[in-house]
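Asker: got a structure for you, letters missing:
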Ligand SMILES: CSC[C@H]1O[C@H](OP(=O)(O)O)[C@H](O)[C@@H]1O
């Protein structure tokens, strides 16, 4: 059974409520852009690609039920208004803004054909087809990212050239963050499928715990040999077990890759990049081209989302029944794990400078820095890379 964060057929969209994972798999109906905004904002669905796809498809569903004036101009105005609203749900990941830009262009082209006072049906149809294509393209891109990333690791790491490799990954970048297969977790899936993965190590990824709640869930589901560590254990893991476990690389996802290769990703990524450099393991970012933002020159220009402090100080979940080593799904408890009155800083992302990144794994190949130590990311949009993947 394949894990699905998003379930869709025309007129019907459901998301897997990721606040209930790993203990319960509950799907929520998404019937409007408003439903999608709430789900994205409160992280019932999350992951840069998944956010964009859920937003796009929510409007594809809404267009079939909303009471919109019949002209093409009115339909386009409704689409623009809803897309502009959806893009306010979370600021850091570029995939949503990228999808909005592309969907607006589809609508504009259709309005140009039928003229503003023409029938709005073709606008609706063009939008829905474009949104549905994003769902299909994402899985295809992720499988290509997995292939390129696995090949690059096997070819460009000492452990990869003579046997199996182990990989550290952060946050969740799998089927629960995308339309399927995943980006960095897709690379781990590809290594595992090729029989070249020794072990995957996933970090807990405080405070939302994407690693312990979601990535661990995916790795167990796929029967991939894996070990969970806390974020603070990563350094000791590399120092004490890096050679013996043949840890060849740290592979992470991305929320926004700036034109120079600086990458915004889940908080804690920057620390891992520094550890990789110090311990001589490769540091790789896995991201589809929908995550690469040539309009943002560098990491300094990326808006970092800050989330509520209680996402750090409160831990919610079902009661654990010790004697059964199971959870009581009929219960729900919230535990406070910090002193009242303490200030909390809770940035959801950090920025890893391009100098710490050995390669950016895309669906068209792995981009490495040129002889001047710079990423030439514009080339990937012509399907070109200079990597060895
Ligand atoms: C392929 S998911 C990319 C990216 O999105 C995640 O952020 P969040 O869980 O807050 O939506 C995380 O940073 C992943 O690396």
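Answerer: Perfect, thanks for sending it. Remember, predicted model here, so these are calculated numbers, not experimental data.
Asker: Give me the buried positions along the lengthiest helix in the chain.
Answerer: In the chain, assigned by DSSP state H, the helix with the most residues is helix 121-156. Neighbour-count burial for helix 121-156 flags 123-124, 126-128, 130-132, 134-135, 137-139, 141-154, 156 (criterion: 16 or more other Cβ atoms under 10 Å). In this view, the C-beta of every residue, glycine as well, is placed from N, C-alpha and C.
Asker: what number of residues lie near the residue in the stretch 101-250 of the chain positioned nearest to the ligand?
Answerer: The stretch 101-250 of the chain approaches the ligand most closely through residue 177 (3.5 Å), counting by Cβ to the nearest ligand atom. By other Cβ atoms under 10 Å, the residues close to residue 177 number 27.
Asker: what's the closest non-adjacent residue to it?
Answerer: Once flanking residues are discounted, residue 177 sits nearest to residue 47: 2.5 Å by Cβ to Cβ, 6 or more residues apart in numbering.
Asker: Tell me the pLDDT of the one you found.
Answerer: With respect to pLDDT, residue 47 scores 98.
Asker: what does the one 10 residues further on give?
Answerer: Predicted confidence (pLDDT) at residue 57: the value is 98.
Asker: Kindly confirm my reading that it forms part of a helix.
Answerer: Yes - under DSSP: H, G, I helix; E, B strand; the rest coil, residue 57 sits within a helix.
Asker: Next, the contact list for it, please.
Answerer: 6, 8, 13, 30, 36, 131-132, 134-135 (Cβ atoms under 8 Å, 6 or more residues apart in numbering).
Asker: Try it again at 6 Å.
Answerer: 8, 13, 131 (Cβ atoms under 6 Å, 6 or more residues apart in numbering).
Asker: quick one: it and residue 136, what's the gap?
Answerer: 11 Å (Cβ to Cβ, to the nearest Å).
Asker: Mutual contacts of the two, please.
Answerer: If you check residue 57 and residue 136 against Cβ under 6 Å, 6+ apart, no residue is contacted by both.
Asker: Who does residue 250 form a beta bridge with?
Answerer: Here residue 250 sits in beta bridges with residue 168, residue 283, going by DSSP bridges.
Asker: Surely it and residue 275 touch.
Answerer: No - distance between residue 250 and residue 275: 7.4 Å, which falls outside the contact criterion (Cβ atoms under 6 Å).
Asker: Mind checking which of these two has more residues around it?
Answerer: Per other Cβ under 10 Å, whichever of residue 250 and residue 275 has more neighbours is residue 250, with 26 against 20.
Asker: what are the ranges of the helices in the chain?
Answerer: 33-41, 48-62, 72-86, 95-114, 121-156, 158-161, 184-193, 216-221, 234-236, 269-279, 310-313.
Asker: and residue 334, what are its bridge partners?
Answerer: residue 316.
Asker: Distance check, it against residue 216.
Answerer: Applying Cβ to Cβ to residue 334 and residue 216 gives a distance of 22 Å.
Asker: cool, residue 200 as well?
Answerer: Distance of residue 200 to residue 216, given as Cβ to Cβ: 10 Å.
Asker: For the two, indicate the residue with more neighbours.
Answerer: Neighbour comparison, residue 200 and residue 216: the larger count goes to residue 200, with 26 against 20 (by other Cβ under 10 Å).
Asker: Bridged to that one, which residues?
Answerer: Under the criterion used (DSSP bridges), residue 200 bridges to residue 167, residue 226.
Asker: Neighbours of the closest residue to the ligand within the stretch 151-300 of the chain, how many?
Answerer: Closest contact between the stretch 151-300 of the chain and the ligand, by Cβ to the nearest ligand atom, is at residue 253 (2.9 Å). Around residue 253 there are 34 other residues, counting by other Cβ under 10 Å.
Asker: Next up, the contacts around the nearest residue to it once chain neighbours are set aside.
Answerer: Residue nearest to residue 253 in three dimensions, not counting chain neighbours: residue 173, with 3.4 Å by Cβ to Cβ, 6+ apart. Residue 173 sits next to 182-185, 253 when contact means Cβ under 6 Å, 6+ apart.
Asker: go on, residue 55?
Answerer: 36, 86, 96 are the contacts of residue 55 under Cβ under 6 Å, 6+ apart.
Asker: which of these come close to the ligand?
Answerer: When those are filtered against the ligand using Cβ under 6 Å from any ligand atom, no residues are retained.
Asker: If we only consider those, which is nearest to the ligand?
Answerer: residue 96 (10.4 Å).
Asker: Quick check: residues of the protein near the ligand?
Answerer: 46-49, 93, 171, 173, 177-178, 183, 210, 252-255, 265-266, 348.
Asker: Mind checking which of those land in strands?
Answerer: Counting by DSSP state E, the part of these found in strands is 252, 265-266.
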